[in-house]
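J.: Have a look at this fold, sequence not included:
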């Protein structure tokens, strides 16, 4: 957010969301690269990251029964795995369009590609996710 405010304050408000998401995607990619290198080093020294997993530390929903929590957990794991299996551009298009709610033009600016490419990547991602997850969410 600081990069956006300091470097792009002169740009119009309409450009801020795509710029923010572009900066965010770059930071996420950098984080994954650094994590990959750190994990290689951790393997050599015998350290495990499972103990510090913030997602595992979240409390479960007390209203849901054990069977429902298990179904939800498995469905979420399948969704996360399916998202990870998508090619990077399809992953970006899907997350920006479906989860962040950007329109095609904003997504194209964030991904630095044409609107047609966004539509193609998003369509392929949706079709692939549907095929992989149709038994989880019919």
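T.: Sure thing, it's come through. Since we're looking at a predicted model, the values are computed, not measured. Residues are numbered from 1 along each chain as shown.
J.: So what touches stretch 13-21?
T.: For stretch 13-21, contacts defined as C-beta atoms under 8 Å, 6 or more residues apart in numbering pick out 1, 4, 8, 11, 96, 100, 102, 106, 107, 108, 109, 110. Heads up, the C-betas are built off the backbone N, CA and C, glycines and all.
J.: Using pLDDT, spot the least trustworthy of these.
T.: Ranked by pLDDT, the contacts of stretch 13-21 bottom out at residue 1 (65).
J.: before we move on, which element is residue 19 in?
T.: helix 13-45 (DSSP states H and E).
J.: Restricted to buried residues, select the contacts of stretch 13-21 in PyMOL.
T.: Buried subset of the contacts of stretch 13-21, written as a PyMOL selection, criterion 16 or more other C-beta atoms under 10 Å:
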select buried, resi 4+96+102+106+107+108+109+110
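J.: For residue 75, state which of the contacts of stretch 13-21 is nearest.
T.: Residue 75 lies nearest to residue 100 out of the contacts of stretch 13-21, by C-beta to C-beta, at 21.4 Å.
J.: Give me the distance between the spatially closest residue to the closest one that is not a sequence neighbour and residue 107.
T.: Leaving out its chain neighbours, the residue that sits closest to residue 100 by C-beta to C-beta, 6 or more residues apart in numbering is residue 21, at 6.6 Å. Computed as C-beta to C-beta, to the nearest Å, the residue 21 to residue 107 distance reads 8 Å.
J.: if we can go back for a sec, quick one: mean pLDDT over the helix holding residue 19.
T.: Average pLDDT, helix 13-45: 75.
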